[in-house]
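Asks: just need the structure, nothing else, for what follows:
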Amino acid sequence: MNSARPRRRHLLGAGLGALAAALAGCAGGSGPVPRLRLATGPPGGPYNAFGQALAQALADSGSPLGLVPVTTAASVDNLRRLDEGSVDLALSMADVAEDAALGREPFTREVPVTALARVYVNYTHLLVPAAGPARSVTDLAGRPLAAGAPGSGVQVLAGRILRTAGLTAGPSPADERQLGLAESAAALRAGTVDAVFWSGGVPTPALTDLARRLPLRFLPLDGYAAELRRRYGPVYTAVTLPAGAYGLTGPVGTIGVGNYLLAREDVAAGAVGELLRVVFDRRHDLLREVTAGVRLEPRFAISTGEVPLHPGAVAHYRSLYG
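Replies: Purely as a prediction, here's the structure:
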């Protein structure tokens, strides 16, 4: 909780001077356009959609900065790529980003990562066939369920929920299967899994499509939010899947987790400032294909918990708020 705070203060102090020099390098001269690689997620997922939308927004804005979205397995995979230097930027669920910054499992050491913005909130979905017997997490004891693709934030969160519910040990642990979203939906339709975990925007198009083909029930998870916060920190909040989404006749309480746009520490502060300028100029469009009813606002975006802000991000927000 504490190790990141001195580091954040150091970055705050360094930010303004670094920004001026980096901006000159980013925008000046006739050399090649700077191109940043952004680790997103699998095709059809919200991170991939956000990355494609941001790359297009940069191109349309006339910015000197280019963006190359990179398809990945999502959060855990993204942080590892960021650490090894194969990408410059990454999207990640907040819990995974904080695990990386603090060196907690699934990471073996602290990853030097910085945040640019908290961009939107993921809603945790736990869905089962409406005709089936399961009405709570504990009803899934001993049953096969899709718990996210390897390297995804969904897998981390699903494991924590099942552990909190007592379904990872004992006589009847849940049978966790590592499947991505498309595979999970197909397996639920085929009856080879009894439940699917997913964390994303509302509505997630793949689940809207699934709900048209298979009547679904969404199991409540908000009762686990307090214990998850106690065990893993305040990144978990109680939120509500709204009535009407996926054909729901009433709201369903669940768990919300923020999503962070992240960068390596050595990304130029000027490039970060230019990227954030476009992000907030186009904030009403960027999340249209990702999640409904979300507004990306700077005052919300700076809430990145234990992950320190990049100096370029610090300078950008100070230019707005002083």
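
Asks: for G200, which non-adjacent residue is closest in space?
Replies: Distances taken as CB to CB, 6 or more residues apart in numbering put P46 closest to G200, at 4.8 Å, once the chain neighbours are dropped. Where C-beta positions appear, they are placed from N, C-alpha and C, glycine not excepted.

Asks: what is the burial count for that neighbour?
Replies: Using other CB atoms under 10 Å, P46 has 25 neighbouring residues.

Asks: let me see the contact set for it.
Replies: Counting by CB atoms under 8 Å, 6 or more residues apart in numbering, P46 makes contact with G200, G201, T204, E289, V290, T291.

Asks: the last one: neighbour count?
Replies: Same thing as T291. Residues near T291, counting by other CB under 10 Å: 21.

Asks: gap between the residue lying closest to it once chain neighbours are set aside and Y246?
Replies: Nearest residue to T291 in three dimensions, chain neighbours excluded: G201, at 2.4 Å (CB to CB, 6+ apart). G201 sits 12 Å away from Y246, taking CB to CB, to the nearest Å as the criterion.

Asks: also P34?
Replies: The spacing between P34 and Y246, counted by CB to CB, is 41 Å.

Asks: again with A94
Replies: Counting by CB to CB, the gap from A94 to Y246 is 24 Å.

Asks: do the same with N78
Replies: For N78, the distance to Y246 equals 27 Å [CB to CB].

Asks: which one's more surrounded, A94 and Y246?
Replies: A count of neighbours by other CB under 10 Å puts A94 above the other of A94 and Y246, at 27 against 23.

Asks: show the contacting residues for that one.
Replies: Residues near A94 by CB under 8 Å, 6+ apart: R118, V235, V257, G258, N259, Y260, T304, G305, V307.

Asks: ok, V154 next?
Replies: Going by CB under 8 Å, 6+ apart, V154 touches A74, A147, G148, F197, W198, S199.

Asks: quick check, nearest of these to P171?
Replies: P171 lies nearest to A147 out of the contacts of V154, by CB to CB, at 19.4 Å.

Asks: for the closest residue in space to E183 that isn't next to it in sequence, give its distance to S75.
Replies: Spatial nearest neighbour of E183, excluding adjacent residues (CB to CB, 6+ apart): A146 at 7.2 Å. According to CB to CB, A146 stands 17 Å off from S75.

Asks: show me what the closest residue to A301 other than its chain neighbours bridges to in the sheet.
Replies: Excluding the flanking residues, the one nearest A301 by CB to CB, 6+ apart is A117, at 3.8 Å. On the basis of DSSP bridges, A117 is bridged to L261.

Asks: so how far is F50 from V235?
Replies: For V235, the distance to F50 - CB to CB - is 19 Å.

Asks: between these two, which one's more packed in?
Replies: A count of neighbours by other CB under 10 Å puts F50 above the other of V235 and F50, at 25 against 22.

Asks: show me what counts as buried in the helix or strand encompassing the more buried one.
Replies: Per DSSP states H and E: F50 is located in helix 46-61. Within helix 46-61, the residues scored as buried using 16 or more other CB atoms under 10 Å are P46, Y47, N48, A49, F50, G51, Q52, A53, L54, A55, A57, L58.

Asks: just give me the least confident of these.
Replies: Least confident entry in these, by pLDDT: P46, with 86.

Asks: in TSV, list the buried residues of helix 46-61 along with distance to L167.
Replies: Listed next are the buried residues of helix 46-61 as TSV, based on distance: CB to CB, whole Å:
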residue	distance to L167
P46	26
Y47	27
N48	30
A49	31
F50	32
G51	33
Q52	36
A53	37
L54	37
A55	40
A57	42
L58	44
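
Asks: which of A146 and S75 has more neighbours?
Replies: A count of neighbours by other CB under 10 Å puts S75 above the other of A146 and S75, at 36 against 28.

Asks: what's the closest non-adjacent residue to the more buried one?
Replies: Distances taken as CB to CB, 6+ apart place G153 nearest to S75, at 3.3 Å, with adjacent residues excluded.

Asks: was I right about the one you found contacting L91?
Replies: No - counting by CB atoms under 8 Å, G153 does not reach L91; the two are 9.5 Å apart.

Asks: looking at those two, which is more packed in?
Replies: Between G153 and L91, G153 has the larger neighbour count (other CB under 10 Å), namely 31 against 27.

Asks: can you pull out the helices in the chain?
Replies: For the chain, applying DSSP state H gives helices covering 4-27, 46-61, 75-84, 94-102, 153-164, 181-190, 205-213, 225-232, 269-281, 283-286, 298-301, 311-321.
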